[in-house]
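Asks: no FASTA, just this:
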């Protein structure tokens, strides 16, 4: 049998808690339209994700991907620290005098 590689679902959200060891809580928001009234609503979900290196901190923007269950509540893993990349790019551009 050949191994089939399936792409895992990815979501982007903001970290609301990093107090647990190797675990972060990510708030993922999505916008949906009310079926009857048509108003745009913001729905949110808190997801626990695995952070092996404890690099992420509260307030960071991150991308998480679905994976096999790590514990009772964790079935997601940290993929990219998006806000850390944005901040490092801003520091580099300030250092070299490049303004956006």
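Replies: It's in. Please read all numbers here as calculations on a predicted model, not as lab measurements.
Asks: What lies in contact with stretch 46-65?
Replies: Stretch 46-65 is contacted by residues 8-18, 21-28, 67, 70, 73-74, 76-84, 86 when judged by C-beta atoms under 8 Å, 6 or more residues apart in numbering. Placement of C-beta: from N, CA and C, glycine included.
Asks: these two touch, right, residue 40 and residue 29?
Replies: No. Assessed by C-beta atoms under 8 Å, residue 40 is found out of contact with residue 29, at 12.0 Å.
Asks: thinking again about what came up before, please check the contacts of stretch 46-65 and keep the buried ones.
Replies: 11, 13-15, 18, 23-26, 28, 70, 74, 76-79, 81, 83 (16 or more other C-beta atoms under 10 Å).
Asks: about what we covered before: who has more neighbours, residue 40 and residue 29?
Replies: residue 29 (12 against 8; other C-beta atoms under 10 Å).
Asks: low-confidence ranges in this structure?
Replies: 1-6, 84-100 (pLDDT under 70).
Asks: okay but residue 31 is in contact with residue 39, surely?
Replies: No. Assessed by C-beta under 8 Å, residue 31 is found out of contact with residue 39, at 10.6 Å.
Asks: Helices along this structure, start to end?
Replies: Along the chain, the segments classed as helices by DSSP state H run 82-95.
Asks: quick one, strands of it?
Replies: Taking DSSP state E as the test, the strands found in the chain are 10-17, 23-33, 40-50, 61-66, 76-81.
Asks: angle of the third one against strand 23-33?
Replies: With axes from the mean of the first three to the mean of the last three C-alpha atoms, to 10 degrees as the basis, strand 40-50 and strand 23-33 are set at 160 degrees to each other.
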